[in-house]
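Colleague: For reference, the sequence and a predicted model appear below.
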Amino acid sequence: MNVDLFDFDLPRQLIAARPAEPRDRARLLRVGALGLSDRVISDLPGLLRSGDLLIANDTRVIPARLTGQSGKARIAVTLIEDLGDGDWRAFARPAKKLLPGARFSVAPDFSAEVRGRGEGGEVTLRFAQTGAAMQTLLQRHGSMPLPPYIKRPAGADRHDDDDYQTLFASRPGAVAAPTAGLHFTPELRAALAAAEIGVATLTLHVGAGTFLPVTVADTSLHHMHSEWGELTPDLAEQIATTRRKGGRIVAVGSTAARLLETAAGTDGTVRAFQGRTDIFITPGYRFQAVDLMLTNFHLPRSTLFMLVAAFAGLDEMRAAYRHAINQGYRFFSYGDACLLERRR
């Protein structure tokens with residue numbers, strides 16, 4: 001498909017710089033067979049049915065943004081993927097200052113050797129620390145890797161340490177938040193439980209590729225980034241039980257939706273999964289696992305907007321985004337959300 005079909009103009013002032021307070025007071029646009037309806041996130045229990053199952057992403061964003069030195073040059077690095085054994089893929093600015101064999105030093109006890117350079121500012125760094133020791137140093141010296149459209153002159157601040165983590169965050173590994181989950185509060189979870197609506201989790205470690213624009217003219221030419229995920233046997237059984245009882249599967253975000261569809265067979269059965277997925281969903285795709293989706297408003301020409309267009313219909317999503325812009329909804333990671341019904 002022509003990528004221009006997924007383009008739209010967004011006023012800069014609609015890009016949210018901070019989340020709603022409290023989080024479940026963010027606005028919610030319902031999109032479905034009955035048209036568009038303006039609500040708020042705290043209305044969610046009344047918009048779902050007893051027996052439905054929400055599935056959120058429990059990945060935890062690591063403080064992946066580091067500032068250090070290489071020789072006399074000051075370098076900003078964003079870690080993007082743990083390759084194992086201390087090796088990390090990263091983006092560096094200015095990358096030209098990081099030559100293979102050079103040292104990148106963050107603190108006296110925290111440095112890495114430059115193992116290689118790629119295209120577009122990408123480098124491979126080898127740290128001496130791995131596992132829990134590496135996570136401890138990142139917590140001490142790193143900061144939240146906010147997306148490029150959230151402008152902070154001094155970078156992420158102490159508010160972002162909490163704001164950019166979801167209520168479900170428990171497994172470190174993401175370098176971007178699964179943003180639909182940012183809207184959940186303990187009060188909302190209690191209201192969902194009171195309405196007999198289940199909540200479960202899977203894991204997909206969101207990578208920096210989620211922010212990359214589609215630069216080709218046709219979607220068939222786009223190379224999709226891959227991410228590591230896990231859907232446990234217990235969750236697969238919970239999904240099967242929900243379906244047997246007539247409940248619906250509600251993906252909390254595009255990341256949860258992508259892993260659910262990766263784990264689903266052509267018969268609709270969701271099986272346990274552990275590994276990498278590079279599933280790229282565009283209009284024409286037939287969804288097997290997801291009945292409804294709670295998701296934020298996404299960037300133009302992005303794979304995420306293509307996914308929601310495949311789920312709810314391209315014309316329907318273009319109309320929904322026009323409505324959201326006209327009504328002043330807040331966009332992107334810290335913005336508002338929509339509840340989408342799957343187009344039949």
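Modeller: Nice, thanks for sending it over. Numbers count the residues shown, from 1 in each chain.
Colleague: Now do the buried residues in the helix or strand containing residue 161.
Modeller: Element membership for residue 161, per DSSP states H and E: helix 158-163. By neighbour count on 16 or more other C-beta atoms under 10 Å, the buried set for helix 158-163 is 160, 163. Placement of C-beta: from N, CA and C, glycine included.
Colleague: buried stuff in stretch 280-293?
Modeller: 280-283, 287, 289-293.
Colleague: Apart from its chain neighbours, what residue comes closest to residue 87?
Modeller: Closest residue to residue 87 apart from its sequence neighbours, by C-beta to C-beta, 6 or more residues apart in numbering: residue 126 at 5.2 Å.
Colleague: Same question for residue 207.
Modeller: According to C-beta to C-beta, 6+ apart, the nearest residue to residue 207 is residue 227 (5.0 Å).
Colleague: contacting residues for the one you found?
Modeller: Shown in contact with residue 227 (C-beta atoms under 8 Å, 6 or more residues apart in numbering): 204-207, 209, 255, 258, 276-278.
Colleague: mind running it again at 10 Å?
Modeller: Shown in contact with residue 227 (C-beta atoms under 10 Å, 6 or more residues apart in numbering): 59, 81, 173-174, 176, 204-207, 209-210, 255, 258-259, 262, 276-279.
Colleague: ditto for residue 102
Modeller: Counting by C-beta under 10 Å, 6+ apart, residue 102 has contacts 70-71, 73, 75, 112-114, 123.
Colleague: In terms of pLDDT, where does it sit?
Modeller: Note on residue 102: pLDDT of 93.
Colleague: hmm, back to that, list only buried entries from the contacts of residue 227.
Modeller: By 16+ other C-beta under 10 Å, those give 59, 81, 173-174, 176, 204-207, 209-210, 255, 258-259, 262, 277, 279 as buried.
Colleague: can you pull the buried residues of stretch 254-269?
Modeller: Buried residues in stretch 254-269 (16+ other C-beta under 10 Å): 254-264.
Colleague: What segments of the stretch 151-300 of the chain are helices?
Modeller: Along the stretch 151-300 of the chain, the stretches classed as helices by DSSP state H, counting those that start in this stretch are 158-163, 186-194, 233-244, 254-263.
Colleague: Apart from its chain neighbours, what residue comes closest to residue 308?
Modeller: residue 317 is the one closest to residue 308 (C-beta to C-beta, 6+ apart), at 5.5 Å.
Colleague: tell me the domain ranges of the chain?
Modeller: If you go by automatic domain parsing, the domain ranges for the chain are 3-61+165-341, 65-142.
Colleague: Quote the end-to-end distance of the longest one.
Modeller: End-to-end distance for domain 3-61+165-341, by C-alpha to C-alpha, to the nearest Å: 23 Å.
Colleague: And for the shortest one?
Modeller: End-to-end span of domain 65-142 (C-alpha to C-alpha): 5 Å.
Colleague: which helices and strands sit right next to the host helix or strand of residue 111?
Modeller: Secondary structure assignment for residue 111, by DSSP H and E: strand 110-117. Taking 3 or more C-beta pairs under 10 Å, 6 or more residues apart in numbering; DSSP states H and E as contact, the helices and strands that strand 110-117 lies on are strand 65-70, strand 73-84, strand 87-93, strand 103-107, strand 122-127, helix 131-141.
Colleague: Could you tell me how far residue 149 is located from residue 164?
Modeller: 13 Å (C-beta to C-beta, to the nearest Å).
Colleague: Pull up the overlap in contacts between the two.
Modeller: 333-334.
Colleague: Looking at those two, which has the bigger crowd around it?
Modeller: Between residue 149 and residue 164, counted using other C-beta atoms under 10 Å, residue 164 has the larger neighbour count: 24 against 16.
Colleague: And the pLDDT at the more buried one?
Modeller: pLDDT, residue 164: 97.
Colleague: State whether it and residue 334 are indeed in contact, as I suppose.
Modeller: Yes - judged on C-beta atoms under 10 Å, residue 164 makes contact with residue 334 at a distance of 8.3 Å.
Colleague: Please enumerate the shared neighbours of those two.
Modeller: Any residue near both residue 164 and residue 334 by C-beta under 10 Å, 6+ apart counts here, and that gives 19, 146-147, 150, 177, 179, 182.
Colleague: Which neighbours in the sheet does the strand holding residue 111 have, and how are they oriented?
Modeller: According to DSSP bridges, strand 110-117 forms sheet pairs with strand 103-107 (antiparallel), strand 122-127 (antiparallel).
Colleague: got the angle for it vs strand 65-70?
Modeller: Angle between the axes of strand 110-117 and strand 65-70 is 80 degrees (criterion: axes from the mean of the first three to the mean of the last three C-alpha atoms, to 10 degrees).
Colleague: Strand 110-117: which residues count as buried?
Modeller: Using 16+ other C-beta under 10 Å as the test for burial, strand 110-117 gives 110-114.
Colleague: Please apply the same query to stretch 189-207.
Modeller: In stretch 189-207, counting by 16+ other C-beta under 10 Å, buried: 189, 191-192, 197-207.
Colleague: Tell me the one of these nearest residue 270?
Modeller: Each of these was checked against residue 270 using C-beta to C-beta; the closest is residue 202, at 9.9 Å.
Colleague: Tell me which residues touch the closest one, please.
Modeller: Residue 202 touches 55-59, 168, 229-232, 235-236, 239, 251-252, 255-256, 259-260, 263, 270, 273, counting by C-beta under 10 Å, 6+ apart.
Colleague: All set, thanks.
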